[in-house]
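> What follows is a predicted structure for the sequence shown.
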Amino acid sequence: MRTRLFPKSQRGTANHGWLQANFSFSFGGFHNPDMVQFGMLRVLNDDTIAAGMGFGNHPHDNMEIITIPLEGGLTHRDSMGNQATVSFGEVQVMSAGTGVQHSEMNASQTEQAQTLQLWIFPERQNVTPRYDQKGFDLEVNRNNLVNVVSPQDKNDGNALWIHQQAFLHMGLFDASRTFNYDIKIEGNGIYLFVIKGELDINGQTVNQRDAFGAVEFNSLAITTKAPAKILLIEVPMQFND
C-alpha cells in the first residue's frame with residue numbers, strides 16, 4: 001500500500017469577498033504541479049458562498065460534477081431546463097458530456113452556504129448531459145458508510161450514478177470507532193476527505209479538512225479519534241485505454 005497525507009495547510013485559497021474558496025487541487029489561480037489531481041478526481045473545492053451570491057451562468061463539458069452542500073443550499077439552473085435547490089443532506093450530480101451551461105446561487109438571501117464540489121473525469125467522452133439529486137440520511141445510518149454515488153453499471157438504485165468507475169461514500173461516526181473500507185474495483189485508489197473530526201489511518205493522524213490518499217491496497221482500517229464526518233472517494237487512478 002502506498003499512502004499520502006494531504007494537509008489542509010497545503011490547499012490553495014481564494015478570497016473574492018462573496019466567495020471563500022479552498023482548492024484541494026490546482027484550480028483557477030492556484031497551481032501546484034504536485035497537486036493537479038488524484039487519479040480521475042480532478043477537483044475538490046471547499047467553498048463558502050455569501051448570502052444571495054453565487055456562480056453565474058457558465059459552461060462545462062466532459063466532466064462528472066458532484067455538489068454536496070454542508071450548510072445551506074444552492075439554487076441550480078441549467079440549459080437542460082432543470083431548476084432545483086440542492087440543500088444540506090442532499091447530493092447533486094451533473095454529467096456535462098457534450099456541453100451544458102448552468103448557474104449555482106446561494107438559495108438564501110440571509111445565510112451563507114457552504115459546499116463541496118468535485119469534478120471527476122468521465123470514462124466516456126461526449127455523453128448526453130444529465131442532472132440528478134437525492135437526499136441521504138447520514139444520521140439514521142450513523143457509524144456506517146453510506147454510498148451516495150456509484151458507477152452507472154454498478155448502481156443498485158439507492159445511490160446516484162455517474163459515467164465513471166468511481167464510488168463516493170459519506171458517513172457520520174462517533175469517537176473510537178474502527179471500520180474497514182474494502183476497495184470496490186482492483187486498481188482504484190481512495191481519497192478520504194475529513195469534513196469534521198479526526199481519524200487514524202494506517203498510523204497517520206488525519207485532521208479536519210485534511211485528506212488521505214491510498215493506492216495499491218485491498219482493505220483499509222480507519223479509526224475515529226473524535227466524532228467525525230467523512231467523504232470517501234474511490235476513483236480509477238488512470239484513464240481507460
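Looks like it arrived, so ask away.
> Okay, now the sheet partners of the longest strand seen in the chain, with direction.
Ranked by residue count, the top strand of the chain under DSSP state E comes out as strand 219-235. Strand 219-235 sits in its sheet next to strand 167-173 (antiparallel), strand 178-182 (antiparallel), strand 189-201 (antiparallel), going by DSSP bridges.
> Throw those into TSV and include mean neighbour count, mean pLDDT and distance to Asn106, thanks.
(Each C-beta comes from the backbone N, C-alpha and C, glycine too.) Listed next are these as TSV, based on neighbours: other Cβ atoms under 10 Å; pLDDT from 0 to 100; distance: least, Cβ to Cβ, whole Å:
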stretch	mean neighbour count	mean pLDDT	distance to Asn106
strand 167-173	23	98	22
strand 178-182	13	97	33
strand 189-201	20	98	19
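> Now render these as TSV, adding distance to Pro7.
Shown next, in TSV, are the strands paired with strand 219-235 (distance: least, Cβ to Cβ, whole Å):
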stretch	distance to Pro7
strand 167-173	21
strand 178-182	21
strand 189-201	11
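> Compare these and give me the one nearest Asp156.
Checking the strands paired with strand 219-235 against Asp156 by Cβ to Cβ gives strand 167-173 as the closest, at 11.6 Å.
> what's in contact with that closest one?
Under the criterion Cβ atoms under 8 Å, 6 or more residues apart in numbering, residues 66, 68, 91, 118, 136, 138-139, 141-151, 179, 181, 184, 197, 224, 227-234 lie in contact with strand 167-173.
> again with stretch 3-16
20-24, 26-30, 32, 35, 46, 191, 201-202, 204, 206-215.
> and the closest residue to Gln165 other than its chain neighbours, how many residues sit next to it?
Excluding its sequence neighbours, the residue lying closest to Gln165 (Cβ to Cβ, 6 or more residues apart in numbering) is Pro151, at 4.9 Å. Counted with other Cβ atoms under 10 Å, residues neighbouring Pro151 total 18.
> Distance check, Pro151 against Arg177.
28 Å (Cβ to Cβ, to the nearest Å).
> Repeat that for Asp132.
In terms of Cβ to Cβ, Asp132 sits 31 Å off from Arg177.
> Equivalent analysis for Thr75, please.
36 Å.
> and what of Gly72?
Distance from Gly72 to Arg177, by Cβ to Cβ: 28 Å.
> Neighbour count for those two, which is higher?
Higher neighbour count among Gly72 and Arg177: Gly72, with 20 against 17, using other Cβ under 10 Å.
> so who does that one touch?
Contacts of Gly72 were listed using Cβ under 8 Å, 6+ apart, and they are 87-88, 106-108, 111-114.
> Can you redo those residues as TSV, where the extra columns are secondary structure?
Output for the contacts of Gly72, formatted as TSV (DSSP: H, G, I helix; E, B strand; the rest coil):
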residue	secondary structure
Ser87	strand
Phe88	coil
Asn106	strand
Ala107	coil
Ser108	coil
Glu111	coil
Gln112	coil
Ala113	strand
Gln114	strand
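> Could you count how many residues lie near Ile185?
When counting by other Cβ under 10 Å, one arrives at 13 neighbours for Ile185.
> Isn't it up against Gln165?
Yes. Ile185 lies in contact with Gln165 (Cβ atoms under 8 Å); the separation is 5.5 Å.
> Pull up the overlap in contacts between these two.
Residues touching both Ile185 and Gln165 (Cβ under 8 Å, 6+ apart) are Pro236.
> Now Gly52. Nearest residue, chain neighbours left out?
Nearest residue to Gly52 in three dimensions, chain neighbours excluded: Gln109, at 4.7 Å (Cβ to Cβ, 6+ apart).
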